[in-house]
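Visitor: when you get a sec, could you give me coordinates for this:
(2 chains)
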Amino acid sequence: MINIENSSILVVDDDHDIVNAIATLLSREGYRIYKAYNGLEAIDSLMQNDIQLILIDVMMPKLDGLSAMMKIRDTKNIPIIVLSAKSEDSDKILGLSMGADDYITKPYNPMELVARVNSNLRRYLSLGAADSVQKGNVVRIGGLVLDRDAKQLSVDGSPVKLTATEYKITELLMSNAGRIFSAEEIYSRVWNEDSYSIENTVMVHIRHIREKIEINPSEPRYLKVVWGIGYKVEKQ
Amino acid sequence: MIMKKRLTRIIAFIISCVLVGICVFQCVFIINENMKQVEDRNNRADVMESYEYTRDMNELFDKLWAISSIYLRNVDDKSKYTCSKEYEKSIKQAMQELGLMDRNGHLVIDNPRGFKYYASCGESICMNSVPEALKGEYSIEYENGGVSKIPKGVNWHYNPDMHWYTTNYGLTYYIMYGSLPKQAVALYDFDTTGLDSYIDENGAKIYYRTDGSTPLPEKTNIDNFSYESANREALEQFDYDRENVHYVLPDERNGFDGSGITDEDKSIENVWDMSEVTDTDVYMFFDEQSREWLKVRKDKFQKYKENNNDITIYIKPSDQLIAEYESYHSQRETAEQDSVHRAMPFLPVGIAGIIIGIVLLFVCGYDAEKKKFVLSMPDRIFAELPVIFIGGTVAGVITLAYGIDDIRRSLAEYYTDVDMGGIITGSAVTACYAIGLGSLITLSTRIKCKSLFKTSLICKILAFIWKYLKKSASFIRRILNHRSMKHIEKISLKKDIFMRRFIIRTAIAVGAEFVMAVFSLPYPYHNIEGFMFGSVIVLLVYVYFSFRDHAEIAGVAKQIADMNGGDYSPRVVSEKSPAYGMTNNLNNISDGIKSAVDKQVQSERMKVELVTNVSHDLKTPLTSIISYIDLLSAEEMSPAARDYVTIISQKSDRLKAMVSDLFDLAKATSHTDVSNEEIDAVILTQQVIGDMADKIAQSGMEVRTDIKVQAAPIMAEGRKLYRVLQNLIDNALKYSMEGTRIYVTLDNDDTSTHISVKNISAEEMDFTPEEITERFTRGDRSRTTEGNGLGLSIAKSFTEACGGQFEVVIDGDMFTANVILPLDTKQN
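Guide: I've put the predicted structure just below:
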């Protein structure tokens, strides 16, 4: 079993400065860094080295990131984080559907980048251990693990402290992943009261939950706002 | 302007007619009353100026004239006759016939009214008063054969036809029209015993002799004397005149062709009228004694017109009559003045009526709503009619003025207690006034509308003629044009292929009809059906070819319609088709439009691509900057250096946000990516407020939310709308004056939902709503605060991309942003 601290990360980008910056950033966290400057180099490097996570840019000469990712996915199961200047939803959806585990837009927040790398690695590496725990009343969505018996929520393995109300909301949404709940419905099911003049109560709670479980609360991975309709937890 | 309304004018018209009518009626009644008094007097027998007085005076004058002219002329001052015995006898007989002499030869003068008179002829005088006393204004004064004045108090008409003449064969003939028993007498200066005679048309007994010493009567009265028999007698005499031609009057006895008489020696000639063969200047007389016909030339019998210069007649009425007349006359004058006074009060009434009428002439035809003069229904009938009406009414009034007395008199026989004549005359005059005024009003209206001539029949006729002339002129011109086109501009005609085909087609059809008509119509009994059949065939063929051309045009029209609908695909028609040129042109136009549209779409796409590329190109170095700043900040450095790094970090974050916003904005304005879905604006607003709760709390501002409805279903893209509201609230938080509240309200009307964000600006807002929604404009010109100036631009663009309206209202320091989104009615 490889420790997270000993993990090797392949950083692929045609911009040397960015690769160097990321390398410096991540090596500070204790990761071993391999560098590649196009898709072909990335595949070569992957063949030669034992790599646990790939950060790959999309627009690159010779072989672009998405094509390289498809090739990598033929043989490897490791987490791939796409790092792209393309910030549109369609680009993100395309990247994620082609096998990416995460999608970070440039210019990225360095802290967020590190957090996401950690999160993905943790999930990848603790997968086997988690399996053994997975029995009884446990809901697992991506890196989120909700233990109903312990009434505890963990994100990528690390436990999160939630208030009672926050836990109830999270449980409701996670147990019905993919379903959209309106504020009234959440209120009436969590508070067991009729939703009368609920104002912003639910919204504020949701915001707080998001701040606790999401790496970047403005671009949530799990707890999403469906504007004008309600809230949901994405089904992975 | 008075009397603006039509109804007012109609009432004024009626008032005018009524006023004039009142005046007319009163005047007519007063006139008729006076006339009646005059007539009553005329019918009295005992006063001057009456009919009987006039008759008696005339009779006396006639008698005195006859006496003077016939009797006094032939007697001396001692009443001894100065003429021959035969003439004296003739005078006596005539005077007796005239009733002026008894059997004893004494004059008889009937004078019941006691007129004083004097009559003289030369020296002979007949009188009952001296002439000096008889002169006066009431007297008849006949001197030197004529009257110099008309006497007062009598309706006397001097008859100048009284005259006489003498002949050279002893006849004296007096004509005396008037009151005497006979209108004429004939006196003879020879013995008339046993002579033939007849009574002429004036009643005088004319004697004649057939020996040629007196002429045959010139004037004959058919009743009293038969010219025919004398003619016949003369003619029969001619039959036996052996020295003359044998004249025959064609009749039953002689035969109509003269065949009844045979005489070898004489030539026979038919004569209808003796005057044809006798000299018209000759009288023919048959002498019974000698059994001979005598011819006497007419000029042998001379006729001398005599004058009456030696006659003087004076007649004067009695003093009693004169006194009575004078007193009556003064009474009459008073009565007339009275009647004028009685009529006086009604004159202003009539004048008022007429003034109203004149005012009406000025105001008529005004339409209060249109504020101008307009024609109404009666003003559209032919203008000649009112003109005729006016002429008729004027003529009618004049006739009535002259005939007023006759009308009164004839009706007075039947209506003794009512002045029916006055009623009828008054009504007629009033009616004339009404018709005349009405006609004047319609004419006046027409003049004001400048359509007097336009509405006239003459104009209509002229217009009709003019139109017809113009039509034929233009027709001729068109034919000439066609010819000149044919001769001069053959090419230009060729270009208008439809016209050419039409002309050729029509010419062929007409020619075919003509040929068929020439060959079949001269034998109508067996070829009329053939002609009809042929005509139908020609018509069908003509219609078929016309429709074919029409179909070509319809094809072109369809192409145009398709182009209007956005279909720019080219059409293919055969080169022989008349629409070939048009279709080609249209295809070219289509190509042009299509390429223009394509170009625009492409340029839009290129714009987005450009922005995308630019933002990518910006992002890559930005990524490096942010990364290295992060790395740098982990290094050991002096506090000043750390401050600098912090500033660079902040600014690079802002740059990052700006690049992102710029990209979003470019995409929104290009409308390339819209995915609207059914959402609820109420929930969305609450979500945004909830989402921003922490930020609001940090800012220290108070946000008051007032959502007035339960739900506001709309079709929009939630993420975009979220950005809109987020931007608005962000702005409000950023620029509000400290301690003020921010109001977020949501309300629906029938068709849309209104979300507004209101805040009080900290700075004075010296910009317009238009300026603030433009890109890169910020509330503070100095750009001291954070923000990139894209917030409101993005809000506006995103709202519009969601199908809504975005507006900014600036009222003093209050800044209001309204987002108006159409409600999705399907959802409920």
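Visitor: what are the ranges of the helices in the stretch 401-550 of chain B?
Guide: All helices of the stretch 401-550 of chain B, identified by DSSP state H, counting those that start in this stretch, fall at B:420-448, B:457-488, B:490-495, B:497-520, B:524-564.
Visitor: quick one: those as CSV, columns for mean neighbour count, distance to A:Gly99 and mean pLDDT too.
Guide: In short, each C-beta sits where N, CA and C put it, glycine included. Formatted as CSV, those follow (neighbours: other CB atoms under 10 Å in any protein chain shown; distance: least, CB to CB, whole Å; pLDDT from 0 to 100):
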stretch, mean neighbour count, distance to A:Gly99, mean pLDDT
helix B:420-448, 20, 94, 87
helix B:457-488, 11, 79, 79
helix B:490-495, 10, 69, 46
helix B:497-520, 14, 68, 82
helix B:524-564, 13, 48, 83
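Visitor: tabulate those helices in TSV, adding columns for distance to chain A.
Guide: Formatted as TSV, these follow (distance: least, CB to the nearest CB, whole Å):
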stretch	distance to chain A
helix B:420-448	70
helix B:457-488	66
helix B:490-495	56
helix B:497-520	55
helix B:524-564	35
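Visitor: can you list those helices in a markdown table and add distance to B:Ile629?
Guide: Shown next, in a markdown table, are the helices of the stretch 401-550 of chain B (distance: least, CB to CB, whole Å):
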| stretch | distance to B:Ile629 |
| --- | --- |
| helix B:420-448 | 92 |
| helix B:457-488 | 85 |
| helix B:490-495 | 76 |
| helix B:497-520 | 78 |
| helix B:524-564 | 59 |
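Visitor: wasn't B:Asn759 part of a strand?
Guide: Yes: applying DSSP: H, G, I helix; E, B strand; the rest coil, one finds B:Asn759 inside a strand.
Visitor: number of nearby residues for it?
Guide: 26 (other CB atoms under 10 Å in any protein chain shown).
Visitor: do you know how far it is from B:Tyr165?
Guide: 137 Å (CB to CB, to the nearest Å).
Visitor: swap in B:Ser756?
Guide: B:Ser756 is 130 Å from B:Tyr165, by CB to CB.
Visitor: who has more neighbours out of the two?
Guide: Per other CB under 10 Å, whichever of B:Ser756 and B:Tyr165 has more neighbours is B:Ser756, with 18 against 14.
Visitor: list the contacts of the more buried one.
Guide: B:Tyr743, B:Val744, B:Thr745, B:Leu746, B:Thr816, B:Ala817, B:Asn818, B:Val819 (CB atoms under 8 Å, 6 or more residues apart in numbering or on different chains).
Visitor: just the residues you listed now: which is nearest B:Arg723?
Guide: B:Val819 (11.5 Å; CB to CB).
Visitor: quick one, phi psi at the residue nearest to the closest one when sequence neighbours are not counted?
Guide: Closest residue in space to B:Val819, ignoring its immediate chain neighbours: B:Ile755 at 4.4 Å, by CB to CB, 6 or more residues apart in numbering or on different chains. Torsion angles at B:Ile755 (phi, psi; degrees, to the nearest 10) stand at phi -110, psi 130.
Visitor: ok, now A:Thr105?
Guide: According to degrees, to the nearest 10, A:Thr105 has phi -90, psi 140.
Visitor: now it. Nearest residue, chain neighbours left out?
Guide: A:Ser87 (4.3 Å).
Visitor: pLDDT at the one you found, what is it?
Guide: A:Ser87 carries a pLDDT value of 78.
Visitor: give me the contacts around stretch B:501-518.
Guide: B:482, B:530-531, B:534-535, B:538-539, B:541-542, B:545-546, B:549, B:578.
Visitor: if we go to 7 Å?
Guide: For stretch B:501-518, the external contacting residues (CB atoms under 7 Å, 6 or more residues apart in numbering or on different chains) are B:Phe531, B:Gly534, B:Ser535, B:Val538, B:Tyr542, B:Phe545, B:Ser546, B:Asp549, B:Pro578.
Visitor: low-confidence ranges in chain A?
Guide: By pLDDT under 70, the low-scoring segments of chain A are A:1-5, A:127-136, A:194-200, A:236.
Visitor: to clarify, my last question referred to chain B.
Guide: Looking at chain B by pLDDT under 70, you get B:1, B:210-212, B:216-299, B:482-496, B:521-527, B:575-576, B:669-674, B:774-789, B:826-828.
Visitor: and the closest residue to chain A within it, what does it touch?
Guide: Closest residue of chain B to chain A, CB to the nearest CB: B:Gly690 (1.8 Å). Contact analysis of B:Gly690 by CB under 7 Å, 6+ apart lists A:Asn200, A:Val202, A:Met203, A:Val204, A:Arg207.
Visitor: just the element for B:Glu678, please.
Guide: strand B:677-680 (DSSP states H and E).
Visitor: hang on, B:Tyr304 in a helix?
Guide: No: assessed with three-state DSSP, B:Tyr304 is strand; it does not lie in a helix.
Visitor: mind listing the residues bridging to the nearest residue in space to it that is not next to it in sequence?
Guide: Among residues not flanking B:Tyr304 along the chain, B:Thr166 sits closest, at 5.2 Å (CB to CB, 6+ apart). Beta-bridge pairing of B:Thr166 under DSSP bridges involves B:Thr172, B:Tyr304.
Visitor: state the number of residues packed around B:Thr166.
Guide: By other CB under 10 Å, neighbour count at B:Thr166 equals 16.
Visitor: and which of the contacts of B:Ser756 is nearest to B:Val597?
Guide: B:Val819 (31.7 Å).
Visitor: could you verify that that closest one is part of a strand?
Guide: Yes: looking at B:Val819 with three-state DSSP, it is inside a strand.
Visitor: can you give me the strands for chain A?
Guide: Secondary structure of chain A (DSSP state E): strands located at A:8-12, A:32-36, A:53-57, A:80-84, A:102-105, A:138-141, A:144-147, A:152-155, A:158-160, A:223-226, A:230-233.
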